[in-house]
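Novice: Starting from these lines, generate the structure:
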Amino acid sequence: QYRLEESGGGSVQPGGSLRLSCEVSGLSLDYHTIQWYRQVQEKEREGVACINARSGYTFAADSVKGRFTISTNDAKNTVYLQMNLLKVEDAAVYYCAAVTVSPYSTTCSYDFQMDFWGEGTPVFVSS
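Specialist: All right, here's what the predicted structure looks like:
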């Protein structure tokens, strides 16, 4: 039984920081990439950042590049999204998701449909 559980969301002022966590169980990060998405009500879900834990490859969307960093712990059972210099427009529900990849894959991509999803954690940014 797989499980992706997000935590770390909350309220912060513009310019502040939050670290989101995605605890992964029932899946191996050697065969799945982890992708963070965010969604504001009634808007399309947006890919934020992804990681291939086996190769160390990471990707961040232009809207968050230089402010958000994705990483894993040594045990490869938790994926973090460090969010710095938060803006009002970063407010959303953040989801982590996983997609099964080839053992030879060295990247991550938003070109694929995700296989597994967490329930999401809300982030509020306001003064």
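Novice: alpha carbons only for contacts and neighbour counts from here, please
Specialist: Will do.
Novice: For Arg54, list the residues it contacts.
Specialist: Leu29, Asp30, Thr106 (CA atoms under 8 Å, 6 or more residues apart in numbering).
Novice: how near is it to Gln113?
Specialist: 20 Å (CA to CA, to the nearest Å).
Novice: Highest neighbour count among the contacts of Arg54?
Specialist: Ranked by the number of neighbours (other CA atoms under 10 Å), those place Leu29 first, at 24 neighbours.
Novice: Asn52 is in contact with that one, correct?
Specialist: Yes. The pair Leu29 / Asn52 is scored as a contact, 7.5 Å apart, by CA atoms under 8 Å.
Novice: The residue sitting nearest the centre point of the chain: what's its closest spatial neighbour, skipping adjacent residues?
Specialist: The chain has Trp36 as the residue nearest its centroid, 2.3 Å off, counting by CA atoms, centre = their mean. Spatial nearest neighbour of Trp36, excluding adjacent residues (CA to CA, 6 or more residues apart in numbering): Cys96 at 4.5 Å.
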